[in-house]
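Structure of the sequence below:
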Amino acid sequence: MKIPGVSFSWKRALGISEAKRKIAKKTGIPLTKGGLERKIGSAIIKAIFKK
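Residues are numbered from 1 along each chain as shown. Down below sits the predicted model:
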């Protein structure tokens, strides 16, 4: 049974979350599935409707 309001993330504790965020920020490429899909979708739309 979990205690409400208390959580632990081993990825955050090891610094993985921060490292991924820094990489994504420097490269401009999101590392999350949703972020990557959004970026690719935006590029496709721009290519289709390019003036």
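
what secondary structure does V6 sit in?
Three-state assignment for V6 (DSSP: H, G, I helix; E, B strand; the rest coil): coil.

Now it: phi and psi?
V6 adopts backbone torsions of phi -120, psi 120, taken as degrees, to the nearest 10.

For S42, give its distance to K33.
15 Å (Cβ to Cβ, to the nearest Å). Just so you know, the C-beta spots here come from the backbone N, C-alpha and C atoms, and that holds for glycine as well.

Measure how buried A24 is and give me the count.
Using other Cβ atoms under 10 Å, A24 has 15 neighbouring residues.

which ones are touching K46?
Residues in contact with K46 (Cβ atoms under 8 Å, 6 or more residues apart in numbering): none are found.

likewise L36?
L36 touches 29-30, counting by Cβ under 8 Å, 6+ apart.

Find the helix or strand that it is a member of.
Per DSSP states H and E, L36 falls inside helix 33-48.

Show me how far whatever helix or strand K26 lives in is from its chain's centre.
Assigned by DSSP H and E, K26 belongs to helix 16-27. How far helix 16-27 lies from its chain's middle: 9 Å, per Cα atoms, centre = their mean, to the nearest Å.

i'd like the first residue to be 9 from this point on
Sure thing, new numbering starts at 9, so read that last one as helix 24-35.

Render the CA-only coordinates of it in CSV, please.
Coordinates of the C-alpha atoms in helix 24-35 are reproduced here as CSV (Å, rounded to 0.1, in the frame of the first residue of the first chain):
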residue,chain,number,x,y,z
ILE,A,24,18.9,10.1,-15.5
SER,A,25,15.9,12.5,-15.8
GLU,A,26,18.2,15.5,-15.7
ALA,A,27,20.7,14.1,-18.2
LYS,A,28,17.9,13.4,-20.7
ARG,A,29,16.5,16.9,-20.2
LYS,A,30,20.0,18.4,-20.8
ILE,A,31,20.5,16.3,-24.0
ALA,A,32,17.1,17.2,-25.4
LYS,A,33,17.7,20.9,-24.7
LYS,A,34,21.1,21.0,-26.4
THR,A,35,20.1,19.0,-29.4
